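1. Here is a sequence with its predicted model. Questions after.
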Amino acid sequence: MPLFSRTRLFAALTLGAALCAPALAQDFPNKPITFIVPFAAGSATDQIGRAIGQGVTEQTGQPVVIENRPGASAMIGAQTAARAAPDGYTVLITTNTTHAANEHLYKSLAYDPVKDFAPITLLGKGGQIMVVHPDAPAKTVGEFIEQARKQPGRLSFGSGSSSSRIAGELLQQMAGIELLHVPYKSNPLGITDLLGGQIDTMITDTATGLPQVSAGKLRALGVTGSERSALAPEIPTIAEAGVPGYEMGYWFAAYAPAGTPEPVVARLHELLRKAADSKAAESFYRQTGTAKETSTPQELAAFQAEESKKWGRIIKSAGIQPE
């Protein structure tokens, strides 16, 4: 084919794609959307995914299917989403675990947190809570630290996310104690073992831990934020309870597979942002103490870059070697 003809053909195809993209976004969605959650059912990420999904369904009339893919520090779910068709019908509802911490915790990942995804929006930010079994001898953070110092490496802490793990690692570093780390596919699975007495403590998201505290099944020792939680103001911060300067949190965000057309990403952004204002989402934010926060795709990309640097510094200072 002559060069001129090939050039005209390429131009025509490019123009056709550009003209079709807005039409595609206008008709989107016309079938169910899948939200991949890289943590187990019942986790905070699962809860916010279901709440946002309900808000999307209310707007579009299309079902939102929640697909839980826990395991390998959320890498299984992230990889699944990265390999999905970039048509807007697969969305990853995730946290800083997959998109800020894992790249510093592991020598190699099965996905690229930047190149494999198209940012959609932030969904919220939250804090964590340190919990123990009600029969545990420690009734305060200070007592737990004292007990740990007397038994180096004997007390264990579970984690089902990078946020949970790093919170425990940071506690060890700042308090000068040595704990045994027990990893789980998701925080609810760790909570189950804590309830059964198989591990000694967890620092987990408030959405998972606080209901157990309210039911009297676990005892709270402290929260990880710089201020006490409005949901449980009687629980001190870990900083005021014995570890000055301690602070740790996490965030939720939504991503599409890389290559998803920009008009479709824009439509998803519109749907998810409005879904964050739905009754189901507002209930989640209120009941879990999560701060609602949305963003533009560009703002999420910039935020993720800064968070990756921050988590890298925390992990390095905690002396954690990439696995």
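-> Received it, and whenever you're ready, just let me know what you need.
2. CA only for contacts and neighbour counts going forward, please
-> Noted.
3. what's the average pLDDT for stretch 169-188?
-> Mean pLDDT, computed over stretch 169-188, is 93.
4. Just the buried residues of it, please?
-> Under the neighbour-count criterion of 16 or more other CA atoms under 10 Å, stretch 169-188 has 169-172, 175, 177-181, 183-188 buried.
5. Could you work out the end-to-end span of that stretch for me?
-> 19 Å (CA to CA, to the nearest Å).
6. got a list of contacts for that stretch?
-> The contact list for stretch 169-188, computed with CA atoms under 8 Å, 6 or more residues apart in numbering, reads 39-40, 42-43, 70-74, 145, 148-149, 152-161, 164-165, 190, 199, 204-205, 208, 243, 246, 314, 318.
7. let's go with 6 Å and repeat that
-> 39-40, 43, 70-71, 149, 152-153, 155-160, 190 (CA atoms under 6 Å, 6 or more residues apart in numbering).
8. now stretch 222-241
-> Gly127, Gln128, Ile129, Met130, Val141, Gly245, Tyr246, Glu247, Met248.
9. Show me what the fourth one is bridged to.
-> On the basis of DSSP bridges, Met130 is bridged to Ile203, Gly222.
10. Make a PyMOL selection of the buried ones in the contacts of stretch 169-188.
-> Restricted to buried positions by 16+ other CA under 10 Å, the PyMOL selection for the contacts of stretch 169-188 reads:
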select buried, resi 39+40+43+70+71+149+155+156+157+158+159+160+190
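11. re the thing from before, and the contacts of stretch 222-241 as JSON lines, adding distance to Phe35, secondary structure and neighbour count?
-> Below are these laid out as JSON lines (distance: CA to CA, whole Å; DSSP: H, G, I helix; E, B strand; the rest coil; neighbours: other CA atoms under 10 Å):
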{"residue": "Gly127", "distance to Phe35": "23", "secondary structure": "strand", "neighbour count": "26"}
{"residue": "Gln128", "distance to Phe35": "24", "secondary structure": "strand", "neighbour count": "28"}
{"residue": "Ile129", "distance to Phe35": "26", "secondary structure": "strand", "neighbour count": "29"}
{"residue": "Met130", "distance to Phe35": "29", "secondary structure": "strand", "neighbour count": "27"}
{"residue": "Val141", "distance to Phe35": "37", "secondary structure": "helix", "neighbour count": "23"}
{"residue": "Gly245", "distance to Phe35": "37", "secondary structure": "coil", "neighbour count": "10"}
{"residue": "Tyr246", "distance to Phe35": "33", "secondary structure": "coil", "neighbour count": "20"}
{"residue": "Glu247", "distance to Phe35": "30", "secondary structure": "coil", "neighbour count": "19"}
{"residue": "Met248", "distance to Phe35": "27", "secondary structure": "coil", "neighbour count": "22"}
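12. and the two most separated of the residues you listed?
-> For those, the maximum inter-member distance is 16.7 Å, found between Gly127 and Val141 (CA to CA).
13. How about Glu103, nearest residue that isn't a chain neighbour?
-> Among residues not flanking Glu103 along the chain, Leu109 sits closest, at 6.9 Å (CA to CA, 6 or more residues apart in numbering).
14. Please report the number of neighbouring residues for the one you found.
-> 15 (other CA atoms under 10 Å).
15. Pull the contacting residues for Lys150.
-> So Lys150 contacts nothing (CA under 6 Å, 6+ apart).
16. So for it, what pLDDT did the model give?
-> So, for Lys150, pLDDT stands at 96.
17. Equivalent analysis for the one 3 residues further on, please.
-> At Gly153 the predicted local distance difference test score is 95.
18. remind me which residues of this protein are low pLDDT?
-> The chain contains residues with pLDDT under 70 at 1-25.
19. Mind jotting down where the helices sit in it?
-> 3-27, 44-60, 75-82, 96, 102-105, 141-150, 162-175, 187-195, 206-214, 262-275, 279-288, 297-317 (DSSP state H).
20. Take these and lay them out in TSV including distance to Glu227.
-> Output for those, formatted as TSV (distance: least, CA to CA, whole Å):
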stretch	distance to Glu227
helix 3-27	42
helix 44-60	20
helix 75-82	31
helix 96	21
helix 102-105	27
helix 141-150	16
helix 162-175	16
helix 187-195	23
helix 206-214	14
helix 262-275	27
helix 279-288	15
helix 297-317	20
